[in-house]
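**Student:** here is a sequence together with a model predicted from it:
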Amino acid sequence: MTTVVSTELQALKAQFFKALAHPIRIRLLEVLVAGEARVQDLQRALNVDQPIVSQQLARLRATGIVIARREGTTTFYAVADPMLGELLLVAKRILNRHLVGVQSLLRALELESRGKKRH
């Protein structure tokens, strides 16, 4: 029983991260964690055409990551869970650490390369 639940949970996690696996969707979430916005606001913030914004919002809504609220003829979008902001921040920290490590490695390789050219 535990294996089945664990497998289903892993599948849900994979589906969640798959929904995040697009640069525009990440950018949309970065804007939306600051507060709700209309499609037009998101277009301007991301400098992306309306159909693309709408398509990516639909994907985020389908997985429950983003919610929509109608006010008259206007739809406002927001993150479904404010912890998404924390998730994006943690991802940024992890990537920054990784990039610092890569930069250090590149500097070491460059120094090694210079040393070999002198001999």
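**Tutor:** Yes, it's here.

**Student:** which residues sit in contact with residue 110?
**Tutor:** If you count contacts by CB atoms under 8 Å, 6 or more residues apart in numbering, residue 110 has none. Heads up, the C-betas are built off the backbone N, CA and C, glycines and all.

**Student:** per-residue confidence for it?
**Tutor:** pLDDT for residue 110: 80.

**Student:** hang on, it in a helix?
**Tutor:** Yes - according to DSSP: H, G, I helix; E, B strand; the rest coil, residue 110 belongs to a helix.

**Student:** which SSE is the residue nearest the centre of the chain in?
**Tutor:** Against the mean C-alpha coordinate of the chain, by CA atoms, centre = their mean, the closest residue is residue 26 at 2.9 Å. Using DSSP states H and E, residue 26 sits within helix 23-32.

**Student:** could you do residue 3 as well?
**Tutor:** Here residue 3, judged by DSSP H and E, is contained in helix 2-20.

**Student:** buried set for that helix?
**Tutor:** 19, 20 (16 or more other CB atoms under 10 Å).

**Student:** over to stretch 31-51?
**Tutor:** Neighbour counts over stretch 31-51 (16+ other CB under 10 Å) mark 31, 32, 33, 36, 37, 39, 41, 42, 43, 45, 46 as buried.

**Student:** quick one: which of those residues sit in helices?
**Tutor:** 31, 32, 39, 41, 42, 43, 45, 46 (DSSP state H).

**Student:** looking at these, which one is closest to residue 67?
**Tutor:** Relative to residue 67, the closest of these is residue 32; by CB to CB it sits at 9.7 Å.

**Student:** quick one: residue 57 from residue 76, how far?
**Tutor:** Separation of residue 57 from residue 76 (CB to CB, to the nearest Å) stands at 11 Å.

**Student:** residues contacting residue 32?
**Tutor:** Counted by CB under 8 Å, 6+ apart, residue 32 has contacts 42, 66, 77, 78, 79.
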